[in-house]
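1. sharing a model prediction with you, sequence too.
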Amino acid sequence: MKALKNFLHFLIIGCFSLYGCITPEKPIREVEIQKDLIETARIFYDAFQESSHSMNQRIKMDMSISPKWSDAFQSEDQKLLIIPAHRKLMVSYGEKAYLRRVVFEFNDLGEIVSSGIIELSALSIDYLLNNEFKIINGYLNQDLDPKVEFLWFDLSYQQVSGKQSNGIEIRKFFNDLATNQTNSSTMDMPDCIDWYWVYTYNGVVIGEEYSHTTCFSSGCNGDDACFDDGMGGGGGGNELGEAPGEKLCSNSFNNFVAGSNNGFWHTNINGLRFENGQTSSSFNAYFQLANGIRNTQMNNIDYANTVVIGIHKSPIELIYDIFPHLLNNSDIYPMTMSSGETNWFFSKNAVMEISRWASNHAASGVIATVPNPHLPENQFVVRNEFVSFAYKFLKSIMPGSNITSQINNGAPDSSATYGTNCQ
């Protein structure tokens, strides 16, 4: 089993959706399959295979999918056909569960409206199998299950998209190709390949996770040799073993006070925790947010890139992207000083919202990059990673801000309050 690799670059911008509970449903394999739909799907699939892509022959073996049409199943409304996707490879799966399917979506006339190959990842294979139709149907309708990660490919197994419900994007790479952009069509490939799911936001790599290893040998050419049915890894029973996700509520950071000369805002925040809601991970931190920031800093297009590699926007551009309402409401505003220079000021409402934003994303970063963050022995790492994430988020918006894991006895205390419908 291979563990999660720690990230090197950080930034997540956008709104993160909440973890929710999805109730297992009755398996749909009992629904009688319409043979004409299978035949339509088979013809469509075969036609797609005629298009070829230039790639290394060893990689092409991994991309050679064989739908098992005899095991196809469909939804009760006969609009969704799902087929197990097999390969002639030996596969060893990692800690997370993995499921691969060929999918066809039909309209009322029995015509194909969408098709592709989907790969799903979660902590429990039982969860994926027991909720398979709901998970896939939700993906097709832009209602992503927050317990599942999704990769979507066309029928020639070329990746089209990959995502989580929280907005993080996912790409599938082999042997650390996230950072090594070698031409895979010409390089020599080993018999065994490690595959990784690489996580990015706004094009910035924030982490990668081992998925599985595929191996091929001449013996795989036999009829029954080296069979991969497209599912494995993960445990059964307890699906996540973690509480439903919660977000910081609007009354968090309520005791921010202005420092001397209104030059900064600060507070100690008590009871922060990472995104899955485990109270065992609670800790405190000190937030000091700069105020009266110089216009040259706020409009420096390279500033964020010095904090977070790959973000080429000025702090004020990021504010326009993420917090336009704070500008419209004059919670963030410019002021001409007696010296003639312009400084930018942030209201208490603005610093509260920006701090919640940074903390929620920092918590999501911890979940994505720290193995088993809810375990007590990992709390020191969780706290340090959380502070590191949040510090970078804040500085990209408010240059000169700071966060530490040591509270400041001269600052007032605020409480972190959480709820499933907050932020």
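-> Structure's in. What do you need?
2. in the stretch 51-200 of the chain, where is pLDDT below threshold?
-> By pLDDT under 70, the weakly predicted segments of the stretch 51-200 of the chain are 51-60, 175-191.
3. show me what contacts Cys249?
-> Listed by CB atoms under 8 Å, 6 or more residues apart in numbering, the contact set of Cys249 reads 417-419, 422-423. Bear in mind the C-beta positions are built from the backbone N, C-alpha and C, glycine included.
4. and if you look at Met398?
-> 289-290, 293, 315, 346, 354.
5. please enumerate the helices of the stretch 151-300 of the chain.
-> 295-298 (DSSP state H, counting those that start in this stretch).
6. straight-line length of stretch 256-268, end to end?
-> 8 Å (CA to CA, to the nearest Å).
7. identify all contacting residues around that stretch.
-> With CB under 8 Å, 6+ apart as the test, stretch 256-268 has contacts from 253, 255, 284-292, 345-346, 348, 351-352, 355, 400, 407-408, 411-414.
8. again, 6 Å this time
-> The contact list for stretch 256-268, computed with CB atoms under 6 Å, 6 or more residues apart in numbering, reads 255, 286-292, 348, 351, 407, 411-414.
9. and the one residue sitting closest to the centre of the chain, how far is that from Lys147?
-> Central residue of the chain (CA atoms, centre = their mean): Ile168, 3.4 Å from the mean position. Ile168 is 14 Å from Lys147, where distance means CB to CB, to the nearest Å.
10. could you do Ser70 as well?
-> Counting by CB to CB - Ser70 and Lys147 are separated by 30 Å.
11. the two: who's more crowded?
-> Lys147 (24 against 9; other CB atoms under 10 Å).
12. so which of the contacts of Cys249 wins on neighbours?
-> Neighbour-wise, these (other CB under 10 Å) top out at Tyr418, 21 neighbours.
13. how many residues are close by the residue nearest to that residue when sequence neighbours are not counted?
-> Spatially, and ignoring its direct neighbours in sequence, Tyr418 is nearest to Glu246 (3.9 Å; CB to CB, 6 or more residues apart in numbering). Glu246 has 21 neighbours, counted by other CB under 10 Å.
14. what do you get for Asn328?
-> Around Asn328 there are 9 residues (other CB under 10 Å).
15. can you check what pLDDT the model gives it?
-> Note on Asn328: pLDDT of 91.
16. that one and Phe106: what is the separation?
-> Counting by CB to CB, the gap from Asn328 to Phe106 is 45 Å.
17. could you break this structure into its assigned domains?
-> 35-232, 247-419 (automatic domain parsing).
18. now do the first one: distance to the chain's middle.
-> Right, domain 35-232. 17 Å (CA atoms, centre = their mean, to the nearest Å).
19. sorry, back to before: any chance of the contacts of Met398 in a markdown table, plus neighbour count?
-> Shown next, in a markdown table, are the contacts of Met398 (neighbours: other CB atoms under 10 Å):
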| residue | neighbour count |
| --- | --- |
| Leu289 | 27 |
| Ala290 | 22 |
| Ile293 | 23 |
| Pro315 | 22 |
| Phe346 | 28 |
| Ile354 | 26 |
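20. in CSV, list these along with pLDDT and distance to Asn270.
-> Formatted as CSV, those follow (pLDDT from 0 to 100; distance: CB to CB, whole Å):
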residue, pLDDT, distance to Asn270
Leu289, 93, 17
Ala290, 93, 22
Ile293, 94, 27
Pro315, 90, 28
Phe346, 96, 22
Ile354, 94, 19
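21. which of these sits closest to Val113?
-> Distance to Val113, by CB to CB, is smallest for Ile354 among the contacts of Met398, at 42.1 Å.
22. packing partners for the helix or strand harbouring the closest one?
-> Assessed by DSSP states H and E, Ile354 sits inside helix 348-369. Under the contact criterion of 3 or more CB pairs under 6 Å, 6 or more residues apart in numbering; DSSP states H and E, helix 348-369 touches strand 247-248, helix 379-397.
23. alpha carbons only: can I get that helix in CSV?
-> Output of helix 348-369 as CSV, limited to C-alpha atoms (Å, rounded to 0.1, in the frame of the first residue of the first chain):
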residue,chain,number,x,y,z
LYS,A,348,-14.5,43.9,10.6
ASN,A,349,-17.0,42.2,8.4
ALA,A,350,-14.4,41.8,5.7
VAL,A,351,-11.7,40.4,7.9
MET,A,352,-14.2,37.9,9.5
GLU,A,353,-15.3,36.6,6.1
ILE,A,354,-11.8,36.4,4.6
SER,A,355,-10.6,34.6,7.7
ARG,A,356,-13.5,32.1,7.4
TRP,A,357,-12.7,31.6,3.7
ALA,A,358,-9.0,31.0,4.4
SER,A,359,-9.7,28.6,7.3
ASN,A,360,-12.3,26.5,5.4
HIS,A,361,-9.9,26.1,2.5
ALA,A,362,-7.0,25.4,4.8
ALA,A,363,-9.1,22.6,6.4
SER,A,364,-9.9,21.2,3.0
GLY,A,365,-6.2,21.2,2.2
VAL,A,366,-5.4,19.2,5.3
ILE,A,367,-8.0,16.6,4.3
ALA,A,368,-6.5,16.3,0.9
THR,A,369,-2.9,16.1,1.9
